[in-house]
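Enquirer: Need a 3D model of the sequence below.
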Amino acid sequence: MRQLSDVYENATDIRPGGEQMADLQLSDPDIGPILGWRLRRAERPAIEQLLSMSEASKMLRGQWDQLELHNGVLYRRKMSLGGKADVLQLLVPACLRSEYLQRAHTGVAGVHSGIQRTTNQVRRCVFG
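Expert: Here you go, the predicted model:
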């Protein structure tokens, strides 16, 4: 059975509306400001520059050193459970969160995997 991470492996793929993940992240009110900063410069923006931004944007700014760009898409690097290898978590724009949760809930094969397994899959693969 395929893992949820297989579904999100190609996060830069074009979405049903013709938009790419990077475009959706840029238009997201929480992820967009941080992605814009990351694209323009490597240093963390001063907190004063984010005063008018959302709490979620401020939280992401606090995790600046864990954020990485891959093909223009923003991810958060996180140690997996048990201190195993690092994982990259896709920062999912608000407009796609329901879709991603639905996929995690039903699994790739369309079968419910159980609450704990679904929760672990989402925590491991996506952040949003």
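
Enquirer: Report all helices and strands that the lengthiest helix in the chain contacts.
Expert: Longest helix in the chain by number of residues, with DSSP state H as the criterion: helix 94-106. The elements that helix 94-106 packs onto, with contact taken as 3 or more CB pairs under 8 Å, 6 or more residues apart in numbering; DSSP states H and E, are helix 4-7, helix 115-125. (C-beta placed from N, C-alpha, C; glycine too.)

Enquirer: What mean pLDDT does the longest one get?
Expert: So that's helix 115-125. Mean pLDDT, helix 115-125: 55.

Enquirer: try the first one
Expert: Here the mean pLDDT over helix 4-7 is 39, rounded to a whole number.

Enquirer: what residue ranges in this structure score low on pLDDT?
Expert: 1-19, 80-81, 83, 104-128 (pLDDT under 70).

Enquirer: where exactly do the strands run in it?
Expert: 67-70, 73-79, 86-91, 126-127 (DSSP state E).

Enquirer: which strands and helices sit next to the third one?
Expert: Put plainly, it is strand 86-91. If you count contacts as 3+ CB pairs under 8 Å, 6+ apart, strand 86-91 packs onto strand 67-70, strand 73-79, helix 115-125, strand 126-127.

Enquirer: Sounds good, over and out.
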